[in-house]
Every structure is written in C-alpha cells, then in structure tokens.
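K.L.:
Got a predicted model here, sequence first, then my questions.
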Amino acid sequence: MLAWGFNFVAVKSLYAVMSPAALSLSRWVVMYLALIPMCLVARVDLRYPPLRLAVPVLFLGSLTMGVYMFFWLEGAKLVTPGESSILISTSAIWALFFEAAFRLKKLRWQSVVGGAISSVGVALVVGQSAGTSTLAGVFMTLAAAVLWGLCVVIARILGQHFSPLQLLTLSLPGALVVLIPYGLQPALAVDWSKFSPVDWYYFFHLALLAGAIGFYGFYKGVDQIGAGQAMRYQFFVPIVAVVSAFLVLGIPVSPLQALGVLVVIAGVWFAALFKVSGLPDLSPHQRSEADPN
C-alpha cells in the first residue's frame, strides 16, 4: 500500500513524457517479464487450467490490468494525485457490496452507513478540487474504484483454485484484449531517450515495485485474510499520496480536503469494522488441481 500510494505522484510526473495509453501497455510488458522468472523460481505451474477456470482468470486480467487501468490512468490525468487516491480508496466500500452480491458475506447496515460517510468525504474532496481537476476525471476515477472493488472480490473467489502468484501471472494476458488497441500505437511512439533518471525511477516503480511485487503482495493478502479485510489497508494509500504530492509536486491540500481524507477513511473503517464469517481461507491441500503448490 505504501508503494501504491506513491503511484499517483509517479503517474502524474510520467505524463510529461508519455501518455496514459503508452504507460498502460509499457507497464504491462515489464510486469509480465518480471512475473515469469518469479514463477520459475517459485516453481509455479503456468499451464492454463480447463476452460471453465481459464476464462474467468483471463476475464479478471482484462478487468484489473485492462479496463481498470484505462479508467484509473485516464482519470489520473484529469485530477490531482491526492484527489485520485482518495476517490480510489472508496473501492473498499464497493468490495463489501460486491461480496454481498456474490453471496460471500451478508450486506450489513455498517456497510451502508460507512458508504454514506465516505460519500460525504468524497464530496468534501471534490468540492475543494484544484483548478486542474475536472468532473470527467472524478467520474473516471470513481469508475476505476468500483471496478477495483469488483476485481478484488473476483480474485478472492478464484483464489480457491490458484496460488496468488499463479493467479496474477495467468490473468495478465487477458488484459491485452484492452491494452493492445488502447496502447500499442502510443507505446511505440514513446521517445525513451528523453527519459531522465527520475522518469526511469517512476516508470520502474510503477511496473515493478507497485506493479509485479505490489500486486502479488496484495493478492497474497486477499488470499490470507479475505477481500474486505485486505481492502482496509487502502487507508494508507490516500495518506501517502497526499503527502507525496505535497513534497514532490508541491500540490497543497486545503483544510477541507484534509478533513475529506479523514472522513473517507472513517467511512471505510466503519463499514469493515465488524468482521463476519465469509468465504473461508483454504489450506494448500484443499486447492483445486489447477494449483500444484
């Protein structure tokens, strides 16, 4: 989550040398090339399972690294890093609703009240938006938050059959359905020679530290403690993003926006306050034959 929190500053800075579309596909390539040796070292089987499991795995990849990335990266261009991270943090609320929709957990009144509280926080943040932010960016980022909440729950369900590293790596090719038409031409047009050392750091932060390693760590957390509990750690993302945006980019935070951050976090925390039993964690020997580990 600490790495993900800095993503918002890294993305905003990289837009000076590459477009969101170019970044989406370029990041995917580096992530995939990093995950393959990780799987080989961990002896993860990368053969695809029967079609009934392969299709949802690839669909997950099309959502996480495809559709979600489109909305998040395009939205991040139109809002400040702090605002983007705060809006994305509402995904924890959406995950609770999707858990109920998939009948993994019952929808509790705490979730509804927490969602309402978070909405007030979002309104405070958006209402005090900087002049560079647009309503289109807000809606795109909120769409990304909804999609991320859905992706986390789907990953939780598929985690019954795959190890976290296996699920992440097998799902990635599914994103190419979205990324190739969206990002191929812009990625080929990037002038990599214009990248400064700082630009390269931002790119590899996004692709490796927050990409391959960050997503693997999060999938591992979802596998061990469940989607709702893992999403609580997103409390740290807007805090890191807001502080980083101020220190690196000099973007100030108004008192009302700071209050909005706290209100959003309070709403998400309240929604996930009372743990209830849901989809059980499975021990390795209970997993499907699709996972040889």
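P.N.:
Perfect, thanks for sending it. Numbering: from 1, shown residues only.

K.L.:
Where does pLDDT dip in the stretch 51-200 of the chain?
P.N.:
Along the stretch 51-200 of the chain, segments meeting pLDDT under 70 span 107, 111, 115, 122-132.

K.L.:
Okay, helices next: where are they in it?
P.N.:
For the stretch 51-200 of the chain, applying DSSP state H, counting those that start in this stretch gives helices covering 51-62, 68-76, 81-88, 91-101, 109-127, 135-158, 164-171, 176-188, 197-204.

K.L.:
looking at those, which is closest to Cys39?
P.N.:
Cys39 sits nearest to helix 164-171 of all these, at 5.4 Å, using C-beta to C-beta. In this view, the C-beta of every residue, glycine as well, is placed from N, C-alpha and C.

K.L.:
show me what contacts Val268?
P.N.:
Ser89, Thr90, Ala92, Ile93, Gly114, Ser118, Met231, Arg232, Gln234, Phe235 (C-beta atoms under 8 Å, 6 or more residues apart in numbering).

K.L.:
secondary structure element for it?
P.N.:
Val268 belongs to helix 255-271 when assigned by DSSP states H and E.

K.L.:
So which of the contacts of Val268 is the closest to Cys151?
P.N.:
Of all the contacts of Val268, Cys151 sits closest to Met231, with 11.0 Å by C-beta to C-beta.

K.L.:
Chain neighbours aside, what residue packs nearest to the closest one?
P.N.:
Nearest residue to Met231, sequence neighbours excluded (C-beta to C-beta, 6 or more residues apart in numbering): Ala92, at 3.8 Å.

K.L.:
Isn't that neighbour up against Gly149?
P.N.:
Yes. Ala92 lies in contact with Gly149 (C-beta atoms under 8 Å); the separation is 7.2 Å.

K.L.:
intersection of neighbour lists for these two?
P.N.:
Counting by C-beta under 8 Å, 6+ apart, the residues touching both Ala92 and Gly149 are Met231.

K.L.:
residues near the closest residue to Leu46 other than its chain neighbours, how many?
P.N.:
Spatially, and ignoring its direct neighbours in sequence, Leu46 is nearest to Cys39 (5.7 Å; C-beta to C-beta, 6+ apart). By the criterion of other C-beta atoms under 10 Å, Cys39 has 17 neighbours.

K.L.:
list the contacts for Cys39?
P.N.:
Counting by C-beta under 8 Å, 6+ apart, Cys39 has contacts Leu46, Leu165, Gln166, Thr169.

K.L.:
What is the burial count for Lys77?
P.N.:
If you count neighbours by other C-beta under 10 Å, Lys77 ends up with 17.

K.L.:
quick one: it and Tyr15 touch, right?
P.N.:
Yes. Here Lys77 reaches Tyr15: they are 5.9 Å apart, a contact under C-beta under 8 Å.

K.L.:
Need the phi and psi values for Val44.
P.N.:
Backbone torsions of Val44, given as degrees, to the nearest 10, read phi -90, psi 130.

K.L.:
Same check on Ala16?
P.N.:
phi -80, psi -20.

K.L.:
neighbours around the closest residue to it other than its chain neighbours, how many?
P.N.:
The shortest distance from Ala16 to any non-neighbouring residue, by C-beta to C-beta, 6+ apart, is to Asp199 (7.9 Å). A count of nearby residues for Asp199, using other C-beta under 10 Å, gives 17.

K.L.:
where's the residue nearest to Leu46, which helix or strand?
P.N.:
helix 20-41.

K.L.:
roughly how far is that helix from the heart of the chain?
P.N.:
Between the centre of helix 20-41 and the centre of its host chain there is 15 Å, according to C-alpha atoms, centre = their mean, to the nearest Å.

K.L.:
buried stuff in that helix?
P.N.:
Residues 20-28, 30-32, 34-35, 39 are the ones in helix 20-41 that count as buried (16 or more other C-beta atoms under 10 Å).

K.L.:
ok so, going back, need the contacts of Val268 in TSV with distance to Phe102, can you?
P.N.:
Shown next, in TSV, are the contacts of Val268 (distance: C-beta to C-beta, whole Å):
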residue	distance to Phe102
Ser89	22
Thr90	19
Ala92	16
Ile93	15
Gly114	19
Ser118	21
Met231	15
Arg232	19
Gln234	20
Phe235	24
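
K.L.:
Cool, thanks, signing off.
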